[in-house]
Structures are given as C-alpha cells and as structure tokens.
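Participant: This is a predicted model, with the sequence first.
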Amino acid sequence: MMPYAIEVSHIRKQIDDFHLGPIDLKVEPGTITSLVGNNGSGKSTLLKLMMNLVNPDLGYVKVFSQSIYGQDESWKNLVAYQPQTIIGWNVFTGNALKELISSLYVNWDDTLFDKLVDLFNIPLNKKFGKLSQGVQQKLNLALTIPRNAPLLILDEPTSFMDIPSKKILMDVLVDWMDQGDRAIIIASHQIEDIRKLSDYLFVLHNGEMIGNFEKEALTESYKRYWTNTLLPNDPVPGEVSRNHQQIISNQPEMTEAFFQEQNVQWTNRTALDLEEIISILLDKPIKK
Ligand SMILES: Nc1ncnc2c1ncn2[C@@H]1O[C@H](COP(=O)(O)OP(=O)(O)OP(=O)(O)O)[C@@H](O)[C@H]1O
C-alpha cells in the first residue's frame, strides 16, 4: 500500500483559551482535501502543526510515513507549504526571491515557475512589499508550486485574487495533480475552490473536528423535502432542520422510509448546494 501523504494522529493543541483537537486525518496521494471551518476554527494552526512550526500537546504527524519530529528532516523535501502571511519577503524582488528559493529545493521546476509568472502576469522586478495583496499571493504560489514536492499545503492561497486568476490557479492545480502521486491540502473560504477542487472536505468548528467528508457523498447525503402534510412535532429520522413544511435531512433513506410509514406526503425533493451544507455543518455541528 502506498503511504499516506500525511497522517495526523490524535493531535491536540491548547493556545491560551483556544483548544484544537483531537484531530485525526489521513490524506492519500491522488486526492485534494479542503480544510473548511469558521474564522478562528484552527485551520492555520493545524497546517502549522503539520509543518512542525507548532508543537502539539499530544499526538503526532507523519509525512509519507516519516515522523516530522526526528533528527532526519528529509520529509521537508516532500512538502511545499504556503503560509497565509510571510514575514521577511517585503524588501526582496520577485527575481531575488526566486533565486533564493529555487536553490533550496532539489526538485525545483524552472519551466513551471516561468509558466506561472506568465499566466499570472507577475512583475519580478518589483519588491514583494510593493505588490498588491493579490499579486503577492500569485508570486507566493509561483514560488511554492514549482518546488514539486508530492504534498502541497496551501493556506488560503486565493483570498485576494481576482476571479480569472482563481480560475487559472484551479487549472494549474489540476494539471499539477495529474503529474504523479501527489496530494494537496488547501485551507479555503472560497466556495468555488472547494466545490471544484476537493475530493474531501475536512471540517473544523471552533477547534473541533466535525469530520472528513468525501465531497460527492456529502453532497448526495443532504436532501430538502417539501411536504403537504403537517410534520410531526418529534424530530424526523435524519432531520437536520425544518421550516414550516420544509425539512432538511442528512439521511434521506431513513427520512423517506419514515414518511412512508407515517403517511407524510412529500411533493418535492431537492439536493442542497455545497455552500448550504457547509453552513449547516458549521452552524449546528453534528458529531460523525
Ligand atoms: N500565536 C498565537 N497566539 C495566540 N493565539 C493564537 C496564535 N495562533 C493562533 N491563535 C488562536 O488560535 C485560534 C485559531 O486560529 P487559526 O488562525 O488557526 O484559525 P483559522 O481557522 O485559520 O482562522 P481564519 O479562518 O480566520 O484564518 C484563534 O482563536 C487564534 O486567536
């Protein structure tokens, strides 16, 4: 069996009054996982724990089966991590940053770097600190993706980027995935990124792991029903929420069996949009 790209096991971390975990996550090569959660839910902290930039109180992380805490730091060649903010780059031009970073990574792909600079139209002669936030993100991506590590970890990479650039990045990432047994973990609030890219949604709510959901299965499991019979007062099996004669269920088979048994007539059944499902998960966390 191929090793997991990353394995997060029983990780816990307390930072002041914020508690993260326990977190368990296994990411297989060939998959894209979106890290989704409310503001302050611990996404960035979890990514830093994955990069050994924050020490866990409990639990461990392995990258391609290798512990990230030992003397041997060769796992660092297997991960390309893009933090949300970078300190210390402002005074350097894109050209200088490229010289610096490309020399640090054995698998650096110059052709891919040039392609990204071209696609995103990045001026390399300006100082990083003088670039707009969106262009900073583009340069940051151009300095991260060409490291060609089999695990790519991106912390909100597109929050300031314009719509066409986000689309370009999606194509670039899909292309990049096709070139080997690679995995991506991407923290994002961008519903389009999440919808189009992810195979899995890892959902965090206030430091608590809600679950790691397969996107297709998650989308299929939520249904909204319109009934023309009054609903019983007690919760219906699978019920997530209700509003007059409308009910949302995350176990449609159970709900429909119950409706049949109780002679509740439903007139319409629709799927929920992923955005709506995420809102439900983050509004009323249900333990899986
Ligand atoms: N270095 C730190 N010192 C103190 N508190 C911290 C530190 N790093 C993170 N926290 C706290 O940990 C919690 C989680 O923050 P984190 O940045 O991981 O959340 P997030 O899910 O990435 O949020 P957002 O969606 O807003 O980017 C917050 O309550 C934050 O205040």
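Facilitator: Ah, there it is. Numbering: from 1, shown residues only.

Participant: Quick check, pLDDT for residue 286.
Facilitator: The score at residue 286 is 51. That number is its pLDDT.

Participant: Confirm residue 204 sits in a strand?
Facilitator: Yes. Counting by DSSP: H, G, I helix; E, B strand; the rest coil, residue 204 is part of a strand.

Participant: Just to check, it is in contact with residue 39?
Facilitator: No. Judged on C-beta atoms under 8 Å, residue 204 makes no contact with residue 39 at a distance of 10.9 Å. Using the backbone N, CA and C atoms, a C-beta is placed for each residue, glycine as well.

Participant: Tell me which residue is most central in the chain.
Facilitator: The centre of the chain sits closest to residue 34, judged by C-alpha atoms, centre = their mean, with a distance of 2.0 Å.

Participant: Quickly find the element holding it.
Facilitator: Per DSSP states H and E, residue 34 falls inside strand 32-37.

Participant: Tell me the helices and strands packed up against that strand.
Facilitator: Secondary-structure packing of strand 32-37 (3 or more C-beta pairs under 8 Å, 6 or more residues apart in numbering; DSSP states H and E): helix 43-50, strand 183-187, helix 191-197, strand 200-205, helix 274-283.

Participant: Just the mean pLDDT for the last one, thanks.
Facilitator: In other words, helix 274-283. 93.

Participant: swap in the third one?
Facilitator: Regarding helix 191-197, the rounded mean pLDDT is 92.

Participant: helices or strands up against that helix?
Facilitator: Helix 191-197 is packed against strand 32-37, helix 163-177, strand 183-187, helix 274-283, with contacts defined by 3+ C-beta pairs under 8 Å, 6+ apart.

Participant: List the neighbouring strands of the shortest one plus their orientation.
Facilitator: Translated: strand 183-187. Note on strand 183-187: by DSSP bridges, its sheet partners are strand 32-37 (parallel), strand 151-155 (parallel).

Participant: Need the contact partners of the first one.
Facilitator: What that stands for is strand 32-37. For strand 32-37, contacts defined as C-beta atoms under 8 Å, 6 or more residues apart in numbering pick out 25, 27, 43, 46-47, 173, 177, 183-189, 193-194, 197-205, 212, 278, 282.

Participant: Same check on stretch 200-210?
Facilitator: Under C-beta under 8 Å, 6+ apart, the answer for stretch 200-210 is 18-25, 27, 31-38, 40-43, 46, 185, 194, 211-215, 218, 278, 281-282, 285-288.

Participant: Flag every buried residue along it.
Facilitator: Along stretch 200-210, these residues count as buried under the neighbour rule (16 or more other C-beta atoms under 10 Å): 200-205, 207-210.

Participant: Likewise for stretch 247-262?
Facilitator: Quick answer for stretch 247-262 (16+ other C-beta under 10 Å): 247-252, 255-256, 258-259.

Participant: Kindly report the same for stretch 62-70.
Facilitator: For stretch 62-70, a neighbour-count test (16+ other C-beta under 10 Å) marks 62-64, 66, 68 as buried.

Participant: what's the first-to-last distance across stretch 83-100?
Facilitator: 17 Å (C-alpha to C-alpha, to the nearest Å).
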